[in-house]
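1. No letters, just coordinates:
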Ligand SMILES: *Cc1c(COP(=O)(O)O)cnc(C)c1O
């Protein structure tokens, strides 16, 4: 068996030890005679799996008892509607910052439910930078302020947490969750689709300050009501049990790596290496303001777009997969989440250097 280096933006590569453990436990989870997939979500066994996963996440991310942790379904995108339904409240106003394609989607969906103000946008720059907070046009009576700390498609990442005063800060952390230490207490709500840094797709993990529960509009579907989900331990209906279990294995793996601070050091090194190589090599380019380059998603272009398919073909042959950039941006993109080993980045750089020599 040979494992490729999979640079897909999502669903993304998972830690190999996690997959091995899942394989070992596939048919018989710890003597129960069944797979986790086949277990009742009400069984003692699954409840233990679920609670352990939550506890491990709480420890990894430093989540206090002031926050509820929810395991919901429908990915991050379903939250684009769920958030306004739950948080807009009577005033119906929220502020959003637009730094790329995921921000735009969140804004478009929220706009169906209330008075949404785009407080700042870097669209004029082609989303290559983050507007500095001094320039944001936020409203002190907004129900919340939403932003996207890491734009997965553009490869743009905030290096600061916005100051929102008494206005709850809401963050789509799908592609940056657990990649570096985070002060959760600065946030009202953090949400993340699992398939980047947490586990399989479909699952979305939320960290919500408890005082923000119970504010959903009357017409909010029950399954989208944070209070209902919290009151039922994320088991109002059958949760995505297997994804939840796998997320738990990923959290354990992360603890074994030394936790978020240790993985952040590795992430910094991986990203610095790859950007350093791109900057030093005339054949490759990355358009993002260096201050705001993503540690997780590294887009780059070749000197000549006509070489793109040859580049991808050669990469595939070496087991360097899914480097094609998003259709809206073009070029290449290497997603180097927590589970991408440093050796994968080294192999990519090695291949890129050889390709540039041959074609540059
Ligand atoms: C992947 C991603 C999403 C969408 O996630 P789904 O689970 O496919 O809905 C939303 N926001 C960001 C920042 C993402 O990276």
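-> It's in. All of these numbers come straight from a predicted model, not from anything done at the bench.

2. When you work out contacts or count neighbours from here on, use the C-alpha atoms and nothing else.
-> Fine.

3. all helices for this structure, in order.
-> 16-24, 44-61, 75-87, 101-110, 226-231, 241-256, 259-280, 308-317, 342-359 (DSSP state H).

4. Rebuild the ones you listed as CSV, extending it with mean neighbour count and mean pLDDT.
-> Output for those, formatted as CSV (neighbours: other CA atoms under 10 Å; pLDDT from 0 to 100):
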stretch, mean neighbour count, mean pLDDT
helix 16-24, 14, 98
helix 44-61, 17, 98
helix 75-87, 22, 98
helix 101-110, 20, 98
helix 226-231, 20, 98
helix 241-256, 22, 98
helix 259-280, 18, 98
helix 308-317, 15, 98
helix 342-359, 16, 98
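
5. can you put these in JSON lines and add distance to the ligand?
-> As requested, the helices of the chain are exported to JSON lines (distance: least, CA to the nearest ligand atom, whole Å):
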{"stretch": "helix 16-24", "distance to the ligand": "20"}
{"stretch": "helix 44-61", "distance to the ligand": "18"}
{"stretch": "helix 75-87", "distance to the ligand": "3"}
{"stretch": "helix 101-110", "distance to the ligand": "5"}
{"stretch": "helix 226-231", "distance to the ligand": "17"}
{"stretch": "helix 241-256", "distance to the ligand": "12"}
{"stretch": "helix 259-280", "distance to the ligand": "17"}
{"stretch": "helix 308-317", "distance to the ligand": "22"}
{"stretch": "helix 342-359", "distance to the ligand": "20"}
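
6. quick one: which of those is nearest residue 197?
-> When these are compared by CA to CA, helix 241-256 sits nearest residue 197, at 8.5 Å.

7. Residue 123: what's it in contact with?
-> 98-100 (CA atoms under 8 Å, 6 or more residues apart in numbering).

8. Same question for residue 254.
-> Counted by CA under 8 Å, 6+ apart, residue 254 has contacts 260, 263.

9. one more time with 10 Å, if that's ok
-> 15, 56-57, 60, 178, 198, 248, 260, 262-263, 338-339 (CA atoms under 10 Å, 6 or more residues apart in numbering).

10. Which pair of those residues spans the longest distance?
-> Pairwise distances across the contacts of residue 254 (CA to CA) peak at 18.5 Å, for the pair 248 and 262.

11. ok, residues contacting stretch 98-105?
-> Contacts of stretch 98-105 (CA under 10 Å, 6+ apart): 76-77, 80, 96-97, 106-108, 110-111, 118-123, 125-131, 146-158, 172, 174, 328.

12. Equivalent analysis for stretch 319-329, please.
-> Contacts of stretch 319-329 (CA under 10 Å, 6+ apart): 2-10, 12, 101, 126, 152-154, 298-301, 308-309, 311-316, 330-335, 344-345, 347-348, 351.

13. And that stretch, what's buried?
-> In terms of neighbour count (16 or more other CA atoms under 10 Å), stretch 319-329 has its buried residues at 319-325.

14. That stretch vs the ligand: in contact?
-> No - Stretch 319-329 does not reach the ligand (CA under 6 Å from any ligand atom); its nearest approach is 11.7 Å.

15. before we move on, the earlier item: mind giving me CSV with the contacts of residue 123 and columns for pLDDT?
-> Putting the contacts of residue 123 into CSV (pLDDT from 0 to 100) gives the following:
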residue, pLDDT
98, 98
99, 98
100, 98
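
16. Distance to residue 52 added to the residues you listed, as JSON lines?
-> Formatted as JSON lines, those follow (distance: CA to CA, whole Å):
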{"residue": "98", "distance to residue 52": "36"}
{"residue": "99", "distance to residue 52": "35"}
{"residue": "100", "distance to residue 52": "35"}
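
17. from these, which is closest to residue 167?
-> residue 98 (17.7 Å).
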